[in-house]
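Asks: need a structure here:
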Amino acid sequence: TVFKVKQDQNGNVDKYKVRVCARGDLQKYGVNYDETFSPVVRFATIRLVIAISTIMNWSIWQLDINSAYLYGKIDQEIYMQIPDGFYHKEKSEGKVLKLLRALYGLKQAGKIWYSVLSDFLKSKGFRNCSLDKCCFIKKYDDTTIIVLVYVDDIIYTSNKKSALLEFRKNMSNRFKMKDIGDLNYIVGLRVHKTKNTTCLSQNLYINDLLTRFNVTDAYHARSPLPEGKILYAREEHQESCERTHYQSLVGSLMYAMLGTRPDIAFAVGQLARFMHDPSTHHEDMAYQTLRYLKFTKDDGIMYTYDGADDDVSRRKAVEVLGDSDADWAGDISDSKSTGGHLVCMANAPIIWRSAKQTSVAKSSTAAEIASGSDCLDDVMWSREMLGFLGFPQDKPTILHMDSQVAITNIKNGNTTKRNKYYRVRVDALHDAMQDDIIQVHHVRSQHLPADALTKSLSGPKLLKHKMALNVKPLTRFIGSSGGVEIQG
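Replies: Reported below is the predicted structural model:
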């Protein structure tokens, strides 16, 4: 039996929850479970749909399915011990319970629930996307409704309020659910929406981190890592730290990074390389990143639309923009480069990535090409998702890079006497240009926000890139009007 205190978007106690869970750790593959994979919606898809709703000025609502897993029936024979507190336990000594429903804790419970919900949505005319199985869409007449599923949390948006009301009615007829109304909190993300503006933040999650790791009273840091800092593997003379604690700390930082904080992507990528054997120095740097989050805990992503208030202008504004950069041979331990890229929409990022490249680039041009190729993958994913959601991209996506040589090679398809790793990426980018999928433009490094994903910058330099990305301090809702005050 699991007890949990559920909080609302303001950190107040919403309800006290108790849940009976099965011992899934005792299940045996092939005996009482087979397939277990259950998809959940990607963070990138959530941000993409929120950006669309911002530009199009669509309402976006949320509902929560009560005891979702219990709607699924299991076809294996599974028994469990009678839990403590069962009111007939004294009369049931020596007996066990046979499970008929997908109880929480079973390995296959998530998969069964997804199948139940997916089948129901498809019976109502929805179809899901091959790029994200938890993104569903239904189109009829001049109406579009989009549904995103994260286990039992469902968010939905439409160009017609009547479609939202109909969907809510259909769901309530089939499932016992809680109607939350306007989207305000999903998977740790606080959502503040007004006309033409939507803000995402994780300040409550960050406050929890500060308390959990006992840094509420620590002095703050103005950057995730010291400027120019590169971390290396622990040497024999260096003291190791407690591995489980370090992994918990870096994993917690990673969740903040994945949600709303591209500004710590490079730092988290550095710290995550040493999960297997961290030193006390690595731990100190992880705590600096946490102290930076303390300093910037009210920062969030702000999606905006500032065009004309008509449907044609709004639909034209539904487009993505790419930024790509690389730090050539920045890791002196193996001479590998770090690549970083962003895909932006509604004046803010929807996708970001900072990662060490898998092979050594023999030139800065090769490193830039590799990073640009990775950015192309996410640009194409975004364009395909927008096409599926009813916003086909008729114009090529602008991709910003800071290497003139790399841009020239992409435009000309120049791969003479190059290795396969380089040639394939140049050809992919060149073909994308030829097919009008992308246009590559040059931007100086100091004006390229992706630069913050490839190296550790000073506080002022990082702040400049954050402001360009609309990652800035946000206050909470002001009164009941839902207004958002923007600082800086």
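Asks: residues near Cys135, how many?
Replies: The number of residues packed near Cys135 is 25, by other C-beta atoms under 10 Å. Every C-beta, even on glycine, is put in place using the N, C-alpha and C of the backbone.
Asks: isn't it right up against Ile154?
Replies: No. Contact criterion C-beta atoms under 8 Å: Cys135 and Ile154 do not qualify, at 11.5 Å.
Asks: which residues are common contacts for these two?
Replies: Common contacts of Cys135 and Ile154 (C-beta atoms under 8 Å, 6 or more residues apart in numbering): Val147, Leu148.
Asks: From the chain's centroid, how far away is stretch 395-407?
Replies: Remark: stretch 395-407 is offset 25 Å from the chain centroid, using C-alpha atoms, centre = their mean, to the nearest Å.
Asks: Go through that stretch and flag the buried ones.
Replies: Neighbour counts using 16 or more other C-beta atoms under 10 Å place Pro396, Thr397, Ile398, Leu399, His400, Met401, Asp402, Ser403, Ala406, Ile407 of stretch 395-407 among the buried residues.
Asks: Regarding that stretch, how distant is the last residue from the first?
Replies: Distance between the two ends of stretch 395-407: 19 Å, counting by C-alpha to C-alpha, to the nearest Å.
Asks: Tell me how many other residues surround the residue nearest to Asn409 when sequence neighbours are not counted.
Replies: Excluding the flanking residues, the one nearest Asn409 by C-beta to C-beta, 6 or more residues apart in numbering is Val426, at 5.7 Å. For Val426, the neighbour count with other C-beta under 10 Å is 23.
Asks: Tell me which helix or strand Val426 sits in.
Replies: Using DSSP states H and E, Val426 falls within helix 420-434.
Asks: Could you do Ile60 as well?
Replies: Here Ile60, judged by DSSP H and E, is contained in strand 59-65.
Asks: Walk me through which strands that strand pairs with, and which way each runs.
Replies: strand 153-158 (antiparallel), strand 177-182 (antiparallel) (DSSP bridges).
Asks: Tell me the gap between the helix or strand that that strand is followed by and the middle of its chain.
Replies: Toward the C-terminus, strand 59-65 is succeeded by strand 79-80 as the next helix or strand (DSSP H and E). With C-alpha atoms, centre = their mean as the basis, strand 79-80 stands 36 Å off its chain's centre.
Asks: Which strands and helices lie in contact with strand 79-80?
Replies: Strand 79-80 sits against strand 97-98, with contacts defined as 3 or more C-beta pairs under 8 Å, 6 or more residues apart in numbering; DSSP states H and E.
Asks: And the average pLDDT for the strand it packs on is what?
Replies: Per-residue pLDDT values over strand 97-98 give a mean of 88.
Asks: following it, which helix or strand shows up next?
Replies: Following strand 97-98 in sequence, per DSSP H and E, is helix 109-123.
Asks: how close does the residue with the largest distance to the centre of the chain get to Tyr421?
Replies: In the chain, the residue that sits farthest from the middle, by C-alpha atoms, centre = their mean, is Lys91; the gap is 49.3 Å. Lys91 sits 70 Å away from Tyr421, going by C-beta to C-beta, to the nearest Å.
Asks: For Val443, which residues are in contact?
Replies: Contacts for Val443 (C-beta under 8 Å, 6+ apart) come out as Asp323, His400, Met401, Asp402.
Asks: one step back: in the helix holding Val426, what's buried?
Replies: Going by neighbour count (16+ other C-beta under 10 Å), the buried part of helix 420-434 is Tyr421, Tyr422, Arg423, Arg425, Val426, Ala428, Leu429, His430, Ala432, Met433.
Asks: Let me know the secondary structure of Leu165.
Replies: What DSSP: H, G, I helix; E, B strand; the rest coil gives for Leu165 is helix.
Asks: how many other residues sit next to it?
Replies: Neighbours of Leu165 (other C-beta under 10 Å): 12.
Asks: where does the stretch 201-350 of the chain have low pLDDT?
Replies: Scanning the stretch 201-350 of the chain for pLDDT under 70 picks out nothing.
Asks: ok, 90 please
Replies: 236, 331-333 (pLDDT under 90).
Asks: how about the strands in it?
Replies: All strands of the stretch 201-350 of the chain, identified by DSSP state E, counting those that start in this stretch, fall at 299-304, 321-331, 336-345, 348-356.
Asks: send the alpha carbons of the strand or helix carrying Lys139 over as PDB?
Replies: Assigned by DSSP H and E, Lys139 belongs to strand 135-140. Provided in PDB are the C-alpha atoms of strand 135-140 (Å, rounded to 0.1, in the frame of the first residue of the first chain):
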ATOM      1  CA  CYS A 135      -0.500  12.400 -29.900                       C
ATOM      2  CA  PHE A 136      -4.000  11.900 -31.300                       C
ATOM      3  CA  ILE A 137      -5.900  14.100 -33.700                       C
ATOM      4  CA  LYS A 138      -9.400  14.300 -35.100                       C
ATOM      5  CA  LYS A 139     -10.500  16.500 -38.000                       C
ATOM      6  CA  TYR A 140     -14.000  17.000 -39.300                       C
END
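Asks: and the helix or strand following it, what other elements does it pack with?
Replies: Using DSSP H and E, the helix or strand that follows strand 135-140 towards the C-terminus is strand 143-150. Where contact means 3+ C-beta pairs under 8 Å, 6+ apart, strand 143-150 is packed against helix 43-56, helix 109-123, strand 135-140, strand 153-158, helix 161-174.
Asks: related to what we said a few turns ago, could the contacts of Val443 be laid out in JSON lines, adding secondary structure and distance to Gly181?
Replies: Converted to JSON lines, the contacts of Val443 look like this (DSSP: H, G, I helix; E, B strand; the rest coil; distance: C-beta to C-beta, whole Å):
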{"residue": "Asp323", "secondary structure": "strand", "distance to Gly181": "35"}
{"residue": "His400", "secondary structure": "strand", "distance to Gly181": "39"}
{"residue": "Met401", "secondary structure": "strand", "distance to Gly181": "43"}
{"residue": "Asp402", "secondary structure": "coil", "distance to Gly181": "45"}
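Asks: Of the helices and strands packed on strand 143-150, which is nearest His192?
Replies: Distance to His192, taken as C-beta to C-beta, is lowest for helix 43-56 among those, at 10.9 Å.
Asks: Can you tell me which of the strands paired with strand 59-65 is packed in deepest?
Replies: Sort the strands paired with strand 59-65 by mean neighbour count, taking mean count of other C-beta atoms under 10 Å, and strand 153-158 sits at the top with a mean of 23.
Asks: Thank you kindly, that will do.
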